[in-house]
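Visitor: okay, predicted coordinates and the sequence, questions at the end:
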Amino acid sequence: MANLSGSWYFSVGDDPQWANPKTDVSGWDKIYVPGEWEEYYKGYNGYAWYRRNFDIRSFPKDEENLVLLLGKIDDADEVFVNGVKVGQTGSFFPDYQTAYNVDRQYTLPKDLLKATNNTIAVRVYDEGNQGGIVSGNKIGIYYDNDNALLSLNLSGNWKFSTYREPDVQDINFDDSRWKTMKVPSSWESQGYANYDGYGYYRKVFTLPQTFKDDNLYLSLGKIDDTDKVYFNGKMIGRTEDLESYNHFNRSNAYRMFRIYRIPSHLIRASNVIVVEVHDQQQRGGIYEGPIGIVNHKNAHILLEQNEEEFWPNSVESVFHSIFNW
Amino acid sequence: MKHSVKLILLILFFNTYLLAGANNYYKELSLQGNWSFKIGDNSDWSKASYDDQNWKKIDVPSSWEDEGYQGYDGYAWYRRQIVIPVSVKDRKLTMELGYIDDVDEVFFNGTKIGQSGSFPPYYSTAYNAFRAYEIPLNLVNYDKPNCIAVRVYDAQIEGGIVRGEVRIGISDIAIIPDINLNGTWNFNTGRDVNESKSQKIVVPGRWENQGFYKYDGYAVYSRTFTCPTTLTNKKMVLLAGRIDDFDQVYINGKLVGQTGDYENRKHSDKYSEFRNYFIPTGFLKAGENTIVIKVYDEQGEGGIIEGTVGLITQDKFINYWKTNRKER
């Protein structure tokens, strides 16, 4: 683990060169992270960058599941490690979208990191009010407990469309015209600013033969708002609001952690998952992981680690008998 | 004569160059006391070079009815000079003129810097608006006399610079743009520029005080500006001031920045926020450019209300913020 809270280099303004570790920032100001930049820069709105270096000497050498946590950033950010973009939340002008209330979590590709002298650069845009890397209990690089439980990690690029097409469940369906969507991450942060309504995610993947004997589950993390999930053409789970749900209140389905059992007779060597998501308002899509295939022992642990403190009584979720076998 | 004027200015300066506590001013220069005064109306009276030696003196603030102009309604002008010491160079200067009955426009060294209310034939009073106008620092001659000229129109009862604090407040280090856009802009209500119907408006300033009393909804500010060749290859930042409530900014017809959702007008809480929009290298043309600021005001006061408006190089912008950062 590397704790990255503390002193960071900071500058107002915007320049893509600041992502480059070779750009000298020793003349920059230093401010404390986490905290709103207004503490030092009263009334400042607009772009600003954060930079610092870090070592990862203390990590196990073969560690694959590293996650960068940056807490809440107000309003939008993109993050570069050693000059390579590792993620973005919210979006920038001209499709500006705030994500001030989203906990930042970025998967770090292991081959990007060196033992020492890594550079992280965070570009932030604040539209108004408080700005910056404003809060977070954990700021730093951590071993990803959730992803480590997956038998097969399916996070990354999926195909996406806002139109339902008839043959989409077919393994041979041609989705090359569909957009590419990073999962998990809201669709607002990926070119669908202000889009509310239906979205269809599609993923084709192979499962090693050795998995077949396990009792397998599909983890889809958190989805905003409701979803229906199809595995090789059969619905394996859904989370939706009850009919009695009061339409004056916002749906609570977005808070629920999704984990659906995959009936073993559906599993083939080559498989297709289709997730139909309906978003009522604001953020939409599969926005938080882990995403992937998990065995039943780890499915339990995942649920325990991610369960909401309270169970919204307005939500009905068909979790497919994880507690009933 | 000239000598005694200097002496008076010097005395005024030492008497009034005090720490002001209550208003977040670091120092202030008083504008109370004797001003030159003349009833009537003449555009030459705005000029710094105009000789007002033969004008009457009047005590400010007070209604002109109490100063020997009983029953006078109509136009009158106030003029005076003020020395601004070079020791406050780079500080933000705000001219406060208290309450003026009914309408005024203010000239600093001959350039119009603000207006409240509107003059006939589209008369509307602003008698209950406190006057505070930012002085663009490019107009200031430090350690030398600067000319303030105030044109006042009174429709009825008492008239003039009648009451309240009358002074120049000196506050934080000012941000000094390379291209200053404070001053007179063209203004249309609605969503689009319509040159044949546009009216003049002073930026910054709430439009309620400039002839658009109680107006809410869409409005457009527009003007041209000249960009020197030396700035076209620089990263620039547009300081667009504090805007109430939503805005979209276009330079040469292209959107360069926006705050809030102008199209859908979902509720905005950004009316107290100052806008900084980042302009890429090569975006500005050498010579004449146009800027259009579209505003939607939900309710209450509206427009480009406060702040320095202009274009500054990103290097100077960064330096300004870094120099003025506060210790935690």
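Guide: Now that the structure is in, tell me what you want to look at. Bear in mind that the values here come from a model prediction, so they are computed numbers and not experimental data.

Visitor: for residue 301, grab the count of nearby residues.
Guide: Defaulting to chain A. 13 (other Cβ atoms under 10 Å in any protein chain shown). (C-beta placed from N, C-alpha, C; glycine too.)

Visitor: try chain B instead
Guide: Neighbour count of B:Glu301, defined by other Cβ under 10 Å: 15.

Visitor: got it, and B:Ile113?
Guide: 21.

Visitor: partners of the host helix or strand of it, with directions?
Guide: For B:Ile113, the host element (DSSP states H and E) is strand B:111-116. When pairing is defined by DSSP bridges, strand B:111-116 lines up against strand B:103-108 (antiparallel).

Visitor: flag every residue of chain A that's near chain B.
Guide: Contact residues, chain A versus chain B (Cβ under 8 Å from any Cβ of the partner chain): A:11-15, A:29, A:32, A:39-47, A:93-94, A:96, A:127-129, A:194.

Visitor: show the buried residues in the residues you listed.
Guide: Neighbour counting with 16 or more other Cβ atoms under 10 Å in any protein chain shown marks A:11-15, A:29, A:40-41, A:44-47, A:96, A:127-128 as buried within the residues of chain A next to chain B.

Visitor: which strand residues bridge the nearest residue to B:Ile39 once chain neighbours are set aside?
Guide: Excluding the flanking residues, the one nearest B:Ile39 by Cβ to Cβ, 6 or more residues apart in numbering or on different chains is B:Ala76, at 4.5 Å. Beta-bridge partners for B:Ala76, by DSSP bridges, are B:Ile39, B:Val152.

Visitor: go on, B:Val202?
Guide: B:Thr184.

Visitor: so it makes contact with B:Lys112?
Guide: Yes. Here B:Val202 reaches B:Lys112: they are 6.5 Å apart, a contact under Cβ atoms under 8 Å.

Visitor: out of those two, which sits in the busier spot?
Guide: Ranked by neighbour count (other Cβ under 10 Å), B:Val202 and B:Lys112 place B:Val202 first, with 22 against 17.

Visitor: which ones are touching the more buried one?
Guide: Residues near B:Val202 by Cβ atoms under 8 Å, 6 or more residues apart in numbering or on different chains: B:105, B:112-115, B:183-185, B:210.

Visitor: could you do B:Gly117 as well?
Guide: Residues in contact with B:Gly117 (Cβ under 8 Å, 6+ apart) are B:102-104, B:123-127, B:129, B:153, B:209-211.

Visitor: likewise A:Ser11?
Guide: Going by Cβ under 8 Å, 6+ apart, A:Ser11 touches A:18, A:25, A:28-29, A:48-49, B:318, B:322.

Visitor: next: A:Glu276.
Guide: A:Glu276 makes contact with A:164, A:198-200, A:227-230 under the criterion Cβ under 8 Å, 6+ apart.

Visitor: so which residues of the stretch 51-200 of chain A form helices?
Guide: Using DSSP state H, counting those that start in this stretch, the helices of the stretch 51-200 of chain A run over A:145-148.

Visitor: mind listing the strands in the stretch 1-150 of chain B by residue range?
Guide: B:27-30, B:33-39, B:56-60, B:74-83, B:91-101, B:103-108, B:111-116, B:130-134, B:145-154 (DSSP state E, counting those that start in this stretch).

Visitor: so which of those strands is nearest A:Ile301?
Guide: With Cβ to Cβ as the criterion, A:Ile301 lies closest to strand B:91-101 of the strands of the stretch 1-150 of chain B, at 58.9 Å.
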